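Participant: test case, fold it:
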Amino acid sequence: MNQSSSILRSEEGLTLLEIMIAIVLLAFVMFGVIAIIDNSQNTKDRTIQLDRDNLQIETAMSRIEWDFSQVWSPLYFSQKFLGTLDPSTNPGVEEVAYLYESHPRFRQPSKEGLPIPKFLLREKNEIIFLTTSNRRKLEDQKQSHFMWVRYYVGESTIEDTTEGAGGEEKIVKSLMRQVFPDDPWAKEELTIDTTRSAVLLENIQNLEFLFWNKATKKWESNLATIVDGDALWRGMQVNLTWLDSKGQERKTSRWLRPLWPSVIPQDPAPGATQGGNQGGAQAGAQGGAQGGTPAGGQGGGAEEGVE
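Facilitator: Take a look at the predicted model:
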């Protein structure tokens, strides 16, 4: 019998030392595998939470961009009405002058008689403007594509996730959105106090709206420094600072622009006179007066101007 056969047929097993060494090596391998799995799980959780934070800010900014891109004013494609709205000196506008007298959101008509809205910038973190981004949720509602929209910083209640809070609720500042789609041409004030607000982003630290001044090529926080700044916006910059789910401060800036091309409206009719402008204003506004809006029916006259 040779030596190799004797080794194979030997009944001697592994020693205790060899077994202990094998167990230690296996333990090190298992610790490494567990560490890799744990790191992968932590990375996955951080990535998911980061994606959620990014999704929230992207959703909020996309909503602002959707509304602002469809901001509406006749000054994008027409000119102001050059006549007077005083019935004592211009009897032709007697039936429509009351539509603009002390109106909280429309200052005067265009030369075609379309109402020119007044966009509002309250402080630096609250804006109100007219947009055509409305979409009716229910059939046969008395709404058109026109609506007033308000963005501002308000208060909302969230669950306190900090350690030791016990899941209690706390009040934080949030980016809020209000819409007013019903009868956007009415002379009544917007029902800001009774209209429900939608929360777009929580834990807001700072919000600022700036607008592009075409004359100075600068971003301005005061609409009074921009020509027709309360009715004609060419671009908006949104600066936002907020706290993410980890309590870390994050900042973002977005630059938005309306869909209207940057053109200077020209007089469409050669030799148009002030009297012609008055007639256009009277005709356009009379249709609105008969239909309950200054642009006719449910905003139909204004929609024709856009399309």
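Participant: which of the three states applies to His145?
Facilitator: Reducing the assignment at His145 to three states with DSSP: H, G, I helix; E, B strand; the rest coil gives coil.
Participant: oh, that last question was meant for Leu99, not what I typed.
Facilitator: State at Leu99, reduced to three classes by three-state DSSP: helix.
Participant: that one: neighbour count?
Facilitator: By other CB atoms under 10 Å, 22 other residues sit near Leu99. Every residue, glycine included, has its C-beta placed from N, CA and C.
Participant: quick one: it from Phe106, how far?
Facilitator: 8 Å (CB to CB, to the nearest Å).
Participant: same check on Gly83?
Facilitator: Shown here: Gly83 relative to Phe106, a distance of 16 Å by CB to CB.
Participant: neighbour count: the two, which is higher?
Facilitator: Summary of the neighbour comparison: Gly83 and Phe106, criterion other CB under 10 Å, with Gly83 having more neighbours (23 against 20).
Participant: for stretch 118-132, list the C-alpha coordinates in CSV.
Facilitator: Taking C-alpha atoms only, stretch 118-132 is exported to CSV below (Å, rounded to 0.1, in the frame of the first residue of the first chain):
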residue,chain,number,x,y,z
LYS,A,118,-53.0,94.5,-12.4
PHE,A,119,-50.4,92.1,-11.2
LEU,A,120,-49.5,92.4,-7.6
LEU,A,121,-46.2,91.9,-5.8
ARG,A,122,-46.8,92.1,-2.1
GLU,A,123,-43.5,92.3,-0.2
LYS,A,124,-40.9,90.1,-1.8
ASN,A,125,-42.6,86.7,-1.1
GLU,A,126,-46.1,87.1,-2.3
ILE,A,127,-47.4,87.5,-5.9
ILE,A,128,-50.9,87.6,-7.4
PHE,A,129,-51.4,87.4,-11.2
LEU,A,130,-53.8,86.4,-13.9
THR,A,131,-53.1,83.2,-15.9
THR,A,132,-54.7,81.0,-18.5
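Participant: relative to the whole chain's centre, how far out is it?
Facilitator: The chain centroid and the centroid of stretch 118-132 are separated by 11 Å, computed with CA atoms, centre = their mean, to the nearest Å.
Participant: can you give me the helices for this protein?
Facilitator: When secondary structure is read from DSSP state H, the chain shows helices at 3-8, 16-69, 97-100, 274-291, 300-306.
Participant: number of nearby residues for Thr241?
Facilitator: Using other CB under 10 Å, the number of residues around Thr241 comes to 15.
Participant: same deal with Ser197?
Facilitator: Ser197 - counted by other CB under 10 Å - has 18 other residues nearby.
Participant: over to Leu200?
Facilitator: Leu200: 19 surrounding residues under other CB under 10 Å.
Participant: separation between the closest residue to it other than its chain neighbours and Asp228?
Facilitator: In space, not counting the residues next to it along the chain, Leu200 is nearest to Ala60; the distance is 3.9 Å by CB to CB, 6 or more residues apart in numbering. Ala60 sits 28 Å away from Asp228, taking CB to CB as the criterion.
Participant: now Asp244
Facilitator: Using CB to CB, one gets 39 Å for the distance from Asp244 to Asp228.
Participant: neighbour count for these two, which is higher?
Facilitator: The residue with more neighbours, out of Asp244 and Asp228, is Asp244; 16 against 13, by other CB under 10 Å.
Participant: what sits against the spatially most central residue of the chain?
Facilitator: Centroid check for the chain by CA atoms, centre = their mean gives Ile64 as the closest residue, at 1.4 Å. Residues near Ile64 by CB atoms under 8 Å, 6 or more residues apart in numbering: Tyr151, Val238, Arg254, Leu256.
Participant: and it, how far from Ser78?
Facilitator: In this structure, Ile64 lies at 26 Å from Ser78, with CB to CB as the measure.
Participant: hmm, back to that, how close does the residue nearest to the centre of the chain get to Val238?
Facilitator: For Ile64, the distance to Val238 equals 6 Å [CB to CB].
Participant: next: Val179.
Facilitator: With distances taken as CB to CB, Val179 is found 18 Å from Val238.
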